[in-house]
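[1] Provide a 3D model corresponding to the input given below.
(one chain, ligands or ions: 1)
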Amino acid sequence: MAADEAWDVIVVGAGNAALCAALSAAEQGSRVLVLEKATIEDRGGNSTFTAGGFRFCHDGVEDLRQDILDDMTEGEYDSIGNLPPLSEETFMEVLMRVTEHNADEDLANILIGQSRETMRWMRSHKIRFIPMFGRQSFKIEGKHHFYGGVNIEAVGGGWGLVDMLVQACERMGITIRYETGLRELIQDRKGAVIGVRAFGPDGYEDIMGKAVVLACGGFESNPEMRVRYFGPGWELCRVRGTQHNTGDGINAALGIGARPHGGWSSCHAVQWDISAPPYGDRVVLDNFQKHSYPIGVVVNMDGKRFLDEGADYRNHTYAKYGKEVMKQPGRAAVQIFDAKTHDNVRDEYRIREVTKASSDTLEGLAEQLDIDVEGLKKTIAEFNAACQPNAFESEYNPSILDGVCTKGLEVPKSNWALPIDTPPYHGYVVTCGITFTFGGLKIDTDARVLDLTDKPIPGLYAAGELVGGLFYQNYPGGTGLLNGSVFGRLAGKNAGQLSKAS
Ligand SMILES: Cc1cc2nc3c(=O)[nH]c(=O)nc-3n(C[C@H](O)[C@H](O)[C@H](O)COP(=O)(O)OP(=O)(O)OC[C@H]3O[C@@H](n4cnc5c(N)ncnc54)[C@H](O)[C@@H]3O)c2cc1C
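    Got it, this is the predicted structure:
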């Protein structure tokens with residue numbers, strides 16, 4: 001292709017949303033260029049840091065075996081006790097409930113309605129999937145019982161997903177240029193987007209394209225924007241993933257009159273090991289997260305509980321509880337487990353890079369972790385007194401919402417409430433780790449970016465984290481990747497068709 005010739009479709013970013021958009025545009029016969037700000041070693045954005053977990057509609061394991069888990073072994077199949085179906089109604093109910101009924105219904109209908117078909121489409125591009133045996137099931141009588149609505153992951157997790165997507169792009173003849181970041185969008189006199197101004201190893205370059213898909217992430221790695229939208233102190237949170245998602249695509253689009261949309265004052269943020277580095281670590285990946293709090297208790301450094309650990313399944317609470325830790329003294333909290341439940345904590349608690357202490361007494365634990373000793377003793381005494389007698393022996397079941405709750409506490413524990421009374425006691429110190437931001441660009445049901453008058457900006461599409469409107473306050477686990485895949489596929493298809501029509 002001549003240097004001054006326009007590409008059919010330019011895709012900005014090389015995470016899950018962007019690579020799905022590139023594949024889909026290429027299916028339309030378009031010549032596709034992917035621009036990625038990071039180096040090849042750092043590629044894949046937040047998508048690389050994920051567990052690769054996808055939430056999507058299906059009718060259970062027999063259904064999945066036909067076209068999503070078609071290469072699952074007999075041994076794996078036999079080890080499954082229960083893998084519950086996920087209906088469109090349940091997915092929608094959960095999305096609306098956790099977002100306090102703010103999720104954009106048009107986008108939600110596309111996300112959920114196209115979820116199964118999009119997974120099938122990914123499988124057709126040789127993306128492989130397996131059940132999430134390690135993290136989303138409890139073993140009962142030797143069999144895996146899955147729960148919480150996100151039960152399928154890409155083989156190899158986020159790394160595997162990105163590698164498989166890049167290979168699929170290579171098979172489709174898509175060009176990926178690394179170390180080349182979008183700085184501005186280029187428009188013609190009528191306002192249509194006709195290219196991008198990018199900055200790469202040789203400096204600035206104008207790259208022309210008949211359509212542009214923005215899929216270059218949110219602004220979670222931009223401390224100035226975090227403070228601007230979330231408030232003082234947010235420059236100090238840890239970032240769980242890539243350092244490259246600094247809001248470039250959002251800012252470039254807002255700069256040409258795109259409409260901001262969605263939960264700008266909120267984000268996805270979790271309980272994250274307090275010793276974790278400022279940005280994600282590509283070896284430890286998401287293992288700094290600490291997500292077994294539903295089977296323990298969480299206290300701040302004054303020893304006080306401040307959240308309902310058992311309000312719902314982990315998948316429906318973890319994304320909002322980082323923000324609760326952010327409000328505590330020193331932006332810190334300690335998750336405490338006793339011997340009754342500690343064996344059941346998730347794999348991420350067993351890594352070398354963990355900030356923990358153990359003791360046969362609560363005093364000993366508090367002293368080691370700098371928790372106020374009297375505060376902790378009082379809290380645990382009150383908590384234990386509020387638990388139902390003999391719950392461990394009777395109804396307690398961590399794979400369902402068991403209703404084993406405290407009675408009479410100002411901050412209740414609504415499920416899985418067992419007294420903390422059996423030494424040794426284990427404490428894990430966490431802070432807030434931001435995952436991604438909820439505010440972004442407004443798109444229509446064709447993934448076209450809308451302007452301040454709600455008209456599509458010709459030639460401009462968007463997908464993934466930088467689109468606003470689906471998530472507010474909270475988020476159902478496993479929806480971020482699905483969001484990128486569904487809307488990436490849609491944006492790429494429509495951008496490809498536009499490029500072929502012009
Ligand atoms: C630790 C962790 C675990 C997670 N686990 C899960 C999970 O199991 N399931 C799930 O559904 N979600 C999970 N998520 C959320 C998920 O990562 C995101 O929702 C999803 O990956 C976003 O995809 P994306 O393609 O929009 O963004 P990204 O994957 O972040 O891709 C954006 C890309 O754009 C690039 N970029 C940025 N600026 C520019 C620029 N100016 N020019 C060019 N390129 C640019 C970045 O380098 C990056 O490669 C997790 C996130 C983290 C951090």
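[2] Pop the domain breakdown of the chain in here.
    7-219+442-501, 269-432 (automatic domain parsing).
[3] so which of these is the most packed in?
    domain 7-219+442-501 (a mean of 21; mean count of other CB atoms under 10 Å). Using the backbone N, CA and C atoms, a C-beta is placed for each residue, glycine as well.
[4] Quick one: mean pLDDT for that domain?
    When pLDDT is averaged along domain 7-219+442-501, the result is 96.
[5] Kindly check the end-to-end length of that domain for me.
    Start-to-end span of domain 7-219+442-501 (CA to CA, to the nearest Å) is 14 Å.
[6] try stretch 54-73
    Taking CA to CA, stretch 54-73 runs 20 Å from one end to the other.
[7] Quick one: residues in contact with that stretch.
    Residues lying outside stretch 54-73 but in contact with it, judged by CB atoms under 8 Å, 6 or more residues apart in numbering, are 77, 80, 83-88, 91, 112, 115-116, 118-120, 123, 128-131, 149-150, 152-154, 476-479, 481-482, 485.
[8] The residues you listed also near the ligand: which ones?
    With CB under 6 Å from any ligand atom as the criterion, the members of the contacts of stretch 54-73 in contact with the ligand are 478-479, 481.
[9] Can you list the low-confidence ranges for the stretch 301-450 of the chain?
    For the stretch 301-450 of the chain, not a single residue meets the criterion pLDDT under 70.
[10] Would you map the strands across it?
    333-337, 356-359, 425-441, 448-450 (DSSP state E, counting those that start in this stretch).
[11] For the longest one, name the packing helices and strands.
    What it means is strand 425-441. Applying 3 or more CB pairs under 8 Å, 6 or more residues apart in numbering; DSSP states H and E, we find strand 425-441 packed against helix 223-230, strand 238-239, helix 248-255, strand 260-273, helix 314-326, strand 333-337, strand 356-359, helix 362-369.
[12] Could you provide the ones you listed in CSV, with additional columns for distance to residue 286?
    Output for the helices and strands packed on strand 425-441, formatted as CSV (distance: least, CB to CB, whole Å):
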stretch, distance to residue 286
helix 223-230, 20
strand 238-239, 12
helix 248-255, 23
strand 260-273, 9
helix 314-326, 11
strand 333-337, 16
strand 356-359, 18
helix 362-369, 23
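[13] Would you convert the strands of the stretch 301-450 of the chain into CSV that also reports distance to the ligand?
    As requested, the strands of the stretch 301-450 of the chain are exported to CSV (distance: least, CB to the nearest ligand atom, whole Å):
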stretch, distance to the ligand
strand 333-337, 18
strand 356-359, 20
strand 425-441, 5
strand 448-450, 14
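[14] Please produce JSON lines containing these, extended by distance to residue 501.
    Shown next, in JSON lines, are the strands of the stretch 301-450 of the chain (distance: least, CB to CB, whole Å):
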{"stretch": "strand 333-337", "distance to residue 501": "54"}
{"stretch": "strand 356-359", "distance to residue 501": "59"}
{"stretch": "strand 425-441", "distance to residue 501": "23"}
{"stretch": "strand 448-450", "distance to residue 501": "14"}
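[15] Close to the ligand: what parts of the stretch 301-450 of the chain are there?
    Taking CB under 6 Å from any ligand atom as the test, the list of the stretch 301-450 of the chain residues beside the ligand reads 435-436.
[16] at 5 Å instead, please
    residue 435 (CB under 5 Å from any ligand atom).
[17] Quick check: closest non-adjacent residue to residue 433.
    Spatially, and ignoring its direct neighbours in sequence, residue 433 is nearest to residue 272 (2.7 Å; CB to CB, 6 or more residues apart in numbering).
[18] in the sheet, who's paired with the one you found?
    residue 289, residue 431 (DSSP bridges).
[19] wait, doesn't it sit right on residue 428?
    No. Using CB atoms under 8 Å as the test, residue 272 is too far from residue 428 to be in contact (10.7 Å).
[20] Okay, and which of the contacts of stretch 54-73 map to strands?
    Among the contacts of stretch 54-73, the members falling in strands (DSSP state E) are 80, 129-131, 152-154.
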